[in-house]
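Engineer: Fold the following and give me the result.
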Amino acid sequence: MEFDELVRRRRMVRDYDTGRPLPAGLLDRLVDVALRAPTAGFTQGVSFLILDRAADVARFWDATTDADEPADSWLRGMRTAPGLILVLASADAYLDRYALADKGWTDRSTQPWTAPYWFVDAGMAGMAILYATVDADPGGDLGACFFGAPAEHVGDLREAFAIPSAQYVVGVISVGYRATGERQSGSPRTRRRKPRGSLVHHGRWGETTP
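Structural biologist: Predicted structure coming up:
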């Protein structure tokens, strides 16, 4: 598959076929791709928690949802995913790395950072997984969705899976085969893509042509 086709085919999938289990080792192979994503200072401060057993997936949803609240359509669809990958990042790993002699920010201050690159790198790794999911199935049935864990349940999630407090839970990626009749949902269904000229500038802000 050509890369530009892969990019066009990638979209968030929110409803999965419960009758099609994932191939053995698939989530590990997707994470292996993410481990090759760039990291600032080659810090390698992004980690992953793979949940590919039904009991672990169920424990994730138990930890991140309220049992006494009815599930909406988004949650009902997402709970059908047979596998989940948690994307985690450590700010300490980056601050420690940039305090080393070749970087020299010995005070471990975040002030020199124009952005918290532990989050930037986690986003790069997550994007690599989304693309790798499309590439893993040329037939187009395999899909994924990046979403955030509810902030009010992150403590419960840490406890359920022994996630250290120093690890930010940046996001979660569901992986599975698209359900029969699954259609695009979410914001792209109701919002138009912005014109290229409103997002791409040449030479200086506001100039839209070379």
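Engineer: Could I get the contacting residues of the nearest residue to residue 143 once chain neighbours are set aside?
Structural biologist: In space, and not counting its chain neighbours, residue 143 is closest to residue 13: 3.1 Å by C-beta to C-beta, 6 or more residues apart in numbering. From N, CA and C alone the C-beta is placed, and that goes for glycine too. Residue 13 is in contact with 143, 144, 145, 174, 176, 178, 182, counting by C-beta atoms under 8 Å, 6 or more residues apart in numbering.
Engineer: And residue 13, how far from residue 140?
Structural biologist: Noted for residue 13: a distance of 11 Å to residue 140, by C-beta to C-beta, to the nearest Å.
Engineer: same deal with residue 105?
Structural biologist: Here residue 105 is placed at a distance of 46 Å from residue 140 (C-beta to C-beta).
Engineer: Between the two, which has more neighbouring residues?
Structural biologist: residue 105 (16 against 10; other C-beta atoms under 10 Å).
Engineer: residue contacts, the closest residue to the more buried one other than its chain neighbours?
Structural biologist: Distances taken as C-beta to C-beta, 6+ apart place residue 98 nearest to residue 105, at 4.5 Å, with adjacent residues excluded. Taking C-beta under 8 Å, 6+ apart, we find residue 98 in contact with 41, 43, 104, 105, 108, 112.
Engineer: Run a quick neighbour tally on residue 72.
Structural biologist: Neighbour count for residue 72, taken as other C-beta under 10 Å: 9.
Engineer: Could you measure from it over to residue 135?
Structural biologist: 31 Å.
Engineer: ditto for residue 145
Structural biologist: 16 Å.
Engineer: Those two: which is more packed in?
Structural biologist: More crowded of residue 145 and residue 135, by other C-beta under 10 Å: residue 145, with 23 against 16.
Engineer: tell me the mean pLDDT for the strand or helix carrying that one?
Structural biologist: Assigning secondary structure by DSSP states H and E places residue 145 in strand 142-147. Averaged over strand 142-147, pLDDT sits at 96.
Engineer: ditto for stretch 108-119
Structural biologist: Per-residue scores along stretch 108-119 average to 90.
Engineer: ends of that stretch, how far apart?
Structural biologist: 17 Å (C-alpha to C-alpha, to the nearest Å).
Engineer: so how far is residue 173 from the residue nearest the centre of the chain?
Structural biologist: In the chain, the residue lying closest to the centroid (C-alpha atoms, centre = their mean) is residue 126, at 3.7 Å. From residue 126 across to residue 173, the span is 6 Å (C-beta to C-beta).
Engineer: just residue 94 next, same as before
Structural biologist: 22 Å.
Engineer: Could I get the phi/psi values of the nearest residue to residue 179 once chain neighbours are set aside?
Structural biologist: Distances taken as C-beta to C-beta, 6+ apart put residue 15 closest to residue 179, at 4.3 Å, once the chain neighbours are dropped. The phi and psi values for residue 15, taken as degrees, to the nearest 10, are phi -150, psi 120.
Engineer: Many thanks, I have nothing further to ask.
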